[in-house]
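> just the structure for this:
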Amino acid sequence: MSYKIIVARYNENIDWLKSETDNIIIYNKGDKLNLENEIMLENKGRESETYLHYIITNYDSLPDIVVFTQARISDHLGKNDIDILIRMKDTAMQYSKSQNYLIHNDRGNCQTWDKDWNFKKRIYLKDNYKNNSPIIFINWFKKNININYPNPIYIYGAGLFAVKKELILKNPIEYYENLKLEVNHHINPTEGHFFERSWYYIFN
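Numbers count the residues shown, from 1 in each chain. The predicted structure is shown next:
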């Protein structure tokens with residue numbers, strides 16, 4: 001099966017990815033590296049905009065498996081290890097749905113993954129919302145992802161996941177184009193954090 005590793009980079013060191021150079025596309029929003037597999041993008045929308053850009057521009061020529069990753073995963077997984085991405089790819093090949101998700105039960109009290117985490121005690125990144133209109137996460141999810149909000153919720157932590165082509169193609173390209181409009185308004189849009197909590201439901 002064919003696969004691609006889609007890397008959302010700003011200025012991180014990507015030496016740890018060299019062994020997979022032939023299967024990697026680096027979407028760079030920072031300093032240019034002058035690599036053959038590098039595509040420069042405007043610095044907006046965080047990794048969510050990068051992932052959506054890849055899907056939209058390659059919708060008719062996707063590989064069998066797509067691995068989406070940030071350029072530095074050590075912040076969340078303890079180390080930058082290409083084998084983590086390869087294992088994720090191999091697992092995606094075996095199952096009809098992605099398996100590398102966290103399971104979170106909404107508990108209240110400003111829990112990190114709760115449905116209203118961004119409005120409890122303070123409004124998270126209050127100046128970074130689309131159209132300067134703060135929205136609670138659960139309401140954004142119901143508007144853009146699924147009217148039925150799940151509890152527990154499955155989450156691809158750190159915006160890191162692998163997905164089969166057919167799961168991407170179950171949505172029309174217009175769906176991804178509309179989603180991209182949710183994050184291309186700011187360098188660090190609050191909605192980018194919403195996407196980290198929503199990717200599983202976009203594809204499954």
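
> low-confidence stretches in this protein?
Applying pLDDT under 70 to the chain picks out residues 96-99.

> so which residues of it form strands?
3-9, 24-28, 38-40, 65-70, 102-104, 153-155, 161-164 (DSSP state E).

> in the sheet, who's paired with His104?
Ile153 (DSSP bridges).

> number of nearby residues for it?
Other residues near His104 number 19, with proximity taken as other C-beta atoms under 10 Å. Yep, even glycine has a C-beta here, placed from its N, CA and C like the rest.

> also Lys170?
Applying other C-beta under 10 Å, we find 12 residues neighbouring Lys170.

> give the contact list for it.
Phe203 (C-beta atoms under 8 Å, 6 or more residues apart in numbering).

> one more: Phe119?
Phe119 touches Pro134, Ile136, Phe137, counting by C-beta under 8 Å, 6+ apart.

> got it, and Tyr200?
Contacts of Tyr200 (C-beta under 8 Å, 6+ apart): Ser98, Tyr101, Tyr154, Ile155, Tyr156, Phe161.

> make TSV from the strands of the chain and add distance to Asp114 to it.
Output for the strands of the chain, formatted as TSV (distance: least, C-beta to C-beta, whole Å):
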stretch	distance to Asp114
strand 3-9	25
strand 24-28	30
strand 38-40	36
strand 65-70	23
strand 102-104	8
strand 153-155	9
strand 161-164	21
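
> list only those of the contacts of Tyr200 flagged as buried.
Buried subset of the contacts of Tyr200 (neighbour count, 16 or more other C-beta atoms under 10 Å): Ser98, Tyr101, Tyr154, Ile155, Tyr156, Phe161.

> distance of the fourth one from Ile145?
The reference is to Ile155. According to C-beta to C-beta, to the nearest Å, Ile155 stands 12 Å off from Ile145.

> now do Ala162 against Thr91, distance only.
Ala162 is 7 Å from Thr91, by C-beta to C-beta.

> same check, this time on Lys18
Distance of Lys18 to Thr91, computed by C-beta to C-beta: 23 Å.

> these two: who's more crowded?
Between Lys18 and Thr91, counted using other C-beta under 10 Å, the more crowded position is Thr91 (14 against 9).

> confirm for me that the more buried one is in contact with Asn100.
Yes. With contact defined as C-beta atoms under 8 Å, Thr91 counts as touching Asn100 (6.6 Å).

> okay, and the common contacts of those two?
Contact criterion C-beta under 8 Å, 6+ apart; residues shared by Thr91 and Asn100: Ala162.

> so which of the strands of the chain gets nearest Trp117?
Judged by C-beta to C-beta, the one of the strands of the chain that comes nearest to Trp117 is strand 102-104, at 10.2 Å.
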